[in-house]
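1. I would like the atomic coordinates for the input below:
(one chain, ligands or ions: 1)
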Amino acid sequence: MRFLSALAALSLTTLGFATPAAAATVTKTPTARGYGGAIATVDADATAAGLEVLRRGGNAVDAAVAAAATLGVTEPFASGIGGGGFFVYYDARKHRVFTIDGREAGPATMTSTYFVNPATGLPYAFDEARVSGLSVGVPGTLATWESAARQWGTRSLSSALTDAAEVADRGYTVDAEFRRQVTENAAAFGQFDATKALYLPGGAPPAVGTTIRNPDLADTYREIARKGTGAFYRGDIAEDLLATVTNPPVSGSPAAPWAYPIRPGRLTASDLAKYRVRHPAPTRSGYKGLTVYGMSTPSSGGTAVGEALNILEASPLDSASTVEKLHYYLEASALSFADRGRYVGAGTPQSTLRKLISDRWAAGRACQINPDKALVKPVAPGPSSCTPATAAATPDTGMSTTNLTVADKWGNVVEYTLTLEQFGGNGMVVPGRGFMLNNELTDFNFTGTQGTFDDPNLPGPGKRPRSSMSPTIVLKDGKPFLAVGAPGGSTIITTVLQIIYGRLELGLTLPQALAAPRAAQRNTAGIQAEPAFHTTYGPQLTALGHVFGPDAPEIGAATAIEFTRHGGQLAVAEPVRRGSGSAAVVHPTS
Ligand code: GLU
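-> Modelled structure (predicted):
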């Protein structure tokens, strides 16, 4: 992960393009300017893979699939074929934005009490639900890659998988962030021999500098490259996946005891065989003359970011100071989260979604913001009559996930966020297959959170859990201006919102907007802030009535591309958080 192992020269024999190999050397630079194609990911190997595809004439979709397949090897805890995600694509020829919903789906037999222990009538503890077969949804990542490659790519999915298999065979080098992710999950990983064998060599997290090879994953990738994705959804890989879910391969000698029974899940062969990606229309809203496209349900990202931007657009920011602008940012975010909690889930009607991102709705929410006094949190969902009211909050966990942004020389753009939910998903590597399973179904609310109102995010048959993933593409005069996305559970929404706001309203450059200290107000009593934000703005925001705490060491490691004049591209990855990311362009300028 992250280091270019021995130059990480991608062997290009299988790239599907004519010219043979030249080493793809990408140093880990968080900002790159130039033209002819651009990419930003969290990982140097993945950026190198995508850049090489762009250099050889592939388009943004080809490069995104190549980078994502590599991330499945080198960022195995945040992504991979055992997980799901959301792919947003701007097609330069059609001047249109398309999406792929590759979210995991629950079993057909899932009911609203799926996460309630029948023996006690109480919801399972989060970790009990997570490290189990119950939390695993049908993975959508491979179907997403296939759908993207087929519809918009010029290169086969097989080529991407074959190249990434070489990375898995050759290995990648453990860095401090990788080690941290294993250390934090060592108890869960230690319950399963296949996970221990890969990620707890000798019973402990691997030392920084260790090379990790994953020949089982290389073979799995090659098998799918040969046989097609049917091997995963209906063939022998499906069988191994189902065996792991329905009969968790709990170690006879766990590294440490686990506090809970490790329960079997209920996915069936039919659930896997019936899985299909969806292609919902993107959410679309306006912000000061720009058009903001985001991900629709089952993600709440598009509506939450869109609604908050609409509220900000309706707020008197013109002569506001930075602190006043941040006050509005925090209030708009809390109001938007209240509406997300009440209204947004996989089954929300389109009419409701459209209402939530309408200017009319935003006007009713913006007038609740008092310029001199923070609202008491949690605030009630709308519709509102400009009278603030309080309600119950719906907290969310998780800081994992990965994100990538790609643009090509034709002007196509991909913003893609993918995940296993928690770092390392449910903790299980499928034995003999080398990939980890997601725990995405824990993104459902285990019991109702909306009092006497229906909770839109309770489990249901075949349902997809609500997500916060917010891959966003902003157009100016009908052309791409900015593409951005981030990891971080429900702080994904606030991170993407804060970056867009920072760039458009706070006078920051894009690299500054990604680096700026973050704060997330998700309609909870306290703002979750990074220490630098708390120190810099805490006193003045507290004077306005904002409440801080608990702080978080880091929030979100984003990636983005800004489209500058004359075809210029500015690719930006996170400069510090999560060990920093990697940006590159095909033709760099100074
Ligand atoms: N499962 C989360 C979501 O879809 C993302 C996981 C995370 O970033 O922690 O919103």
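2. Up against the ligand, what does the stretch 451-590 of the chain have?
-> Residues of the stretch 451-590 of the chain lying close to the ligand by Cβ under 6 Å from any ligand atom are 467-469, 487-489, 492. C-betas here are computed from N, CA, C, even on glycine.
3. I'd like to know how far the residue of the stretch 151-300 of the chain found nearest the ligand sits from residue 464.
-> For the stretch 151-300 of the chain and the ligand, the shortest gap (Cβ to the nearest ligand atom) falls at residue 299, measuring 7.0 Å. Applying Cβ to Cβ, to the nearest Å, the value for residue 299 to residue 464 is 9 Å.
4. Same question for residue 149.
-> Distance from residue 149 to residue 464, by Cβ to Cβ: 22 Å.
5. Pick out whichever of those two has more residues nearby.
-> Higher neighbour count among residue 149 and residue 464: residue 464, with 27 against 21, using other Cβ atoms under 10 Å.
6. so residue 95 sits right up against residue 478, yeah?
-> Yes: counting by Cβ atoms under 8 Å, residue 95 does reach residue 478; the two are 6.2 Å apart.
7. What backbone torsions are found at the residue of the stretch 151-300 of the chain closest to the ligand?
-> phi -80, psi 140 (degrees, to the nearest 10).
8. Can you give me the neighbour number for it?
-> For residue 299, the neighbour count with other Cβ under 10 Å is 31.
9. Nearest spatial neighbour of it, chain-adjacent residues omitted?
-> residue 467 (4.1 Å; Cβ to Cβ, 6 or more residues apart in numbering).
10. For the one you found, report the pLDDT, please.
-> Model confidence at residue 467, given as pLDDT, is 97.
11. what pLDDT does residue 14 get?
-> 35.
12. what stretches of the stretch 251-400 of the chain score poorly on pLDDT?
-> For the stretch 251-400 of the chain, the stretches with pLDDT under 70 are 388-399.
13. how about the strands in it?
-> 283-287, 290-294 (DSSP state E, counting those that start in this stretch).
14. if we can go back for a sec, which of the residues of the stretch 451-590 of the chain next to the ligand has the largest number of neighbours?
-> Result: residue 492 is most packed of those (other Cβ under 10 Å), 33 neighbours.
15. Rounded mean pLDDT for whichever strand or helix holds that one, please.
-> Counting by DSSP states H and E, the element that carries residue 492 is helix 491-504. Summarised as a single mean, pLDDT over helix 491-504 is 98.
16. what's downstream of that helix, the next helix or strand?
-> helix 510-515.
17. which of the residues in stretch 109-128 are buried?
-> By neighbour count, with 16 or more other Cβ atoms under 10 Å as the criterion, the buried positions of stretch 109-128 are 110, 112, 114-116, 123-124, 126-128.
18. and the gap between the nearest residue to residue 458 once chain neighbours are set aside and residue 258?
-> In space, and not counting its chain neighbours, residue 458 is closest to residue 112: 4.5 Å by Cβ to Cβ, 6+ apart. Distance, residue 112 to residue 258, using Cβ to Cβ: 27 Å.
19. now stretch 31-41, how far from the chain's geometric center?
-> 20 Å (Cα atoms, centre = their mean, to the nearest Å).
20. switch to numbering from 48
-> Yes, from this point I'll number from 48; that puts the last item at stretch 78-88.
21. Report the backbone C-alpha coordinates of the lengthiest helix in the chain in CSV.
-> If you go by DSSP state H, the chain has its longest helix at helix 369-390. Output of helix 369-390 as CSV, limited to C-alpha atoms (Å, rounded to 0.1, in the frame of the first residue of the first chain):
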residue,chain,number,x,y,z
THR,A,369,-14.9,33.6,7.9
VAL,A,370,-16.2,32.7,11.3
GLU,A,371,-19.7,33.8,10.3
LYS,A,372,-19.5,31.8,7.2
LEU,A,373,-18.4,28.7,9.2
HIS,A,374,-21.4,29.3,11.5
TYR,A,375,-23.7,29.1,8.5
TYR,A,376,-21.9,26.0,7.2
LEU,A,377,-22.4,24.2,10.5
GLU,A,378,-26.0,25.2,10.7
ALA,A,379,-26.8,24.3,7.1
SER,A,380,-25.2,20.9,7.7
ALA,A,381,-27.2,20.2,10.8
LEU,A,382,-30.5,21.1,9.1
SER,A,383,-29.6,18.9,6.2
PHE,A,384,-28.7,16.0,8.4
ALA,A,385,-32.0,16.3,10.2
ASP,A,386,-33.9,16.0,6.9
ARG,A,387,-31.6,13.1,5.8
GLY,A,388,-32.5,11.2,9.0
ARG,A,389,-36.2,11.6,8.6
TYR,A,390,-36.7,11.2,4.9
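22. Tell me the secondary structure of the most centrally placed residue in the chain, please.
-> Among the residues of the chain, the one closest to the centroid is residue 464, at 3.8 Å (Cα atoms, centre = their mean). Of the three states, residue 464 takes strand according to DSSP: H, G, I helix; E, B strand; the rest coil.
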